[in-house]
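# Just to be clear, the model below is a prediction. Sequence and coordinates:
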Amino acid sequence: MKIDDLKLFVKVVELGSFTAAANALDLPRANVSRRINELEDRLSTLLFHRTTRSLSLTRHGEVYYQEILKALAQFDNAQHVLTQSETGLKGKIKLGILSETHDILQPILFDFQDQYPDVELDIRVIQNGFTDMYQQGLDIAFHGGELIDSDLIARKILPLDRCLVASPDYLARKGTPSDIEAMHAHTALCFRWPNGVIDRHWQFEHGSVTVASTLVSNSIAFLKDATLSGAGHCLPAAYFGGESVGKSYLGTRPAGCKGGD
């Protein structure tokens, strides 16, 4: 019995369908279905109840799943100990990053590969915000903002300082806000978080304001391009607006900067 087939069985249980497991593991669905059928044949028992709309474990399947989880944990631990002691880190990491973070993360990832040349990085571009790591088949994902799924383990990497930005063209047409309250008279471009909440409450070093959004998007890149085009003010992380500010594509108000997570 192959370890990979047992891991495939666990993945099908976790994701609830052959199709989801196939997508997560980059396998044809027919391959997943065939291997599960062969596993059931070897065990001489059905592991899943199958209908056209759902897939669920049988009583024997549930018992088998719990025992396989324990066995795979012990196997992975043994592999880890052996690999660490003899050859160092080795294997493949599926990594999800935002398209807007390429310039920030590339030097870090290249340094990692220099240090661990036997580790293959499989980099996937994900949407801004929370991504279901199981559905995407990811080991690690970079995420900005609050973590929605409490089952995931998170580590803070760096703070996200946010700055109020607008293009020189917009400021020439509409004027520069004299203070926070003046933002009520200006056009606001707002980010929509994955949970559907629109980020209209903008916090600054010396207060906050609730803006009236004229454009909403869940894409940081789209909001940045809209800002560069003179569509209004935006409050992105400095990492996404700062480079353009340095090139004088965007105007910024230093008093508008606020640290965050």
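Happy to help now that I have it.

# dump the residue contacts of residue 13.
Going by Cβ atoms under 8 Å, 6 or more residues apart in numbering, residue 13 touches 57, 61, 65. The C-beta positions use only the backbone N, C-alpha and C, and glycine is treated the same way.

# from memory residue 99 sits against residue 221, does it?
Yes - at 6.4 Å, residue 99 counts as touching residue 221 under the criterion of Cβ atoms under 8 Å.

# Tell me how many other residues crowd residue 212.
12 (other Cβ atoms under 10 Å).

# Same question for residue 28.
9.

# what's the answer for the one 5 residues further on, then?
As a burial measure, residue 33 scores 16 neighbours (other Cβ under 10 Å).

# Go ahead and list the helix or strand containing it.
Using DSSP states H and E, residue 33 sits in helix 29-43.

# Pull the distance from that helix to the chain's centre.
From the chain centre to the centre of helix 29-43 is a distance of 31 Å (Cα atoms, centre = their mean, to the nearest Å).

# now swap in stretch 184-193 and tell me
24 Å.

# With stretch 18-30 instead?
Between the centre of stretch 18-30 and the centre of its host chain there is 20 Å, according to Cα atoms, centre = their mean.

# buried stuff in it?
18, 20, 21, 22, 23, 24, 25 (16 or more other Cβ atoms under 10 Å).

# Out of those, which comes closest to residue 189?
Taking Cβ to Cβ as the measure, residue 189 lies nearest residue 23 of the buried residues of stretch 18-30, at 33.4 Å.

# Report pLDDT for the residue nearest to residue 12 when sequence neighbours are not counted.
Excluding the flanking residues, the one nearest residue 12 by Cβ to Cβ, 6 or more residues apart in numbering is residue 21, at 4.5 Å. Per-residue pLDDT puts residue 21 at 91.

# ok so, going back, now, which of the contacts of residue 13 lie within helices?
Among those, the members falling in helices (DSSP state H) are 61, 65.

# quick one: contacts for residue 69?
So residue 69 contacts residue 10 (Cβ under 8 Å, 6+ apart).

# one step back: whichever strand or helix holds the residue nearest to residue 12 packs against which elements?
Element membership for residue 21 (DSSP H and E) is helix 18-25. With contacts taken as 3 or more Cβ pairs under 8 Å, 6 or more residues apart in numbering; DSSP states H and E, helix 18-25 sits against helix 3-15, helix 29-43, helix 133-136.

# looking at those helices, which is closest to residue 109?
Proximity to residue 109, assessed across the helices and strands packed on helix 18-25 by Cβ to Cβ, is greatest for helix 133-136 (17.9 Å).

# one step back: ok, the helix or strand following the helix holding residue 33: who's next to it in the sheet?
For helix 29-43, the following helix or strand on the C-terminal side (DSSP H and E) is strand 48-50. Partner strands and pairing direction for strand 48-50 (DSSP bridges) are strand 55-57 (antiparallel).

# where does this structure have low pLDDT?
80-88, 128-132, 134, 145-151, 158-159, 238-261 (pLDDT under 70).

# where along it do the helices fall?
3-15, 18-25, 29-43, 59-86, 102-115, 133-136, 168-174, 220-228, 238-246.

# Adding distance to residue 199, write those out as a markdown table.
A markdown table is the format used below for those (distance: least, Cβ to Cβ, whole Å):
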| stretch | distance to residue 199 |
| --- | --- |
| helix 3-15 | 31 |
| helix 18-25 | 30 |
| helix 29-43 | 38 |
| helix 59-86 | 39 |
| helix 102-115 | 21 |
| helix 133-136 | 23 |
| helix 168-174 | 19 |
| helix 220-228 | 10 |
| helix 238-246 | 14 |
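
# Ok, which of those helices comes nearest residue 183?
Of all those, helix 168-174 comes closest under Cβ to Cβ, at 11.1 Å.
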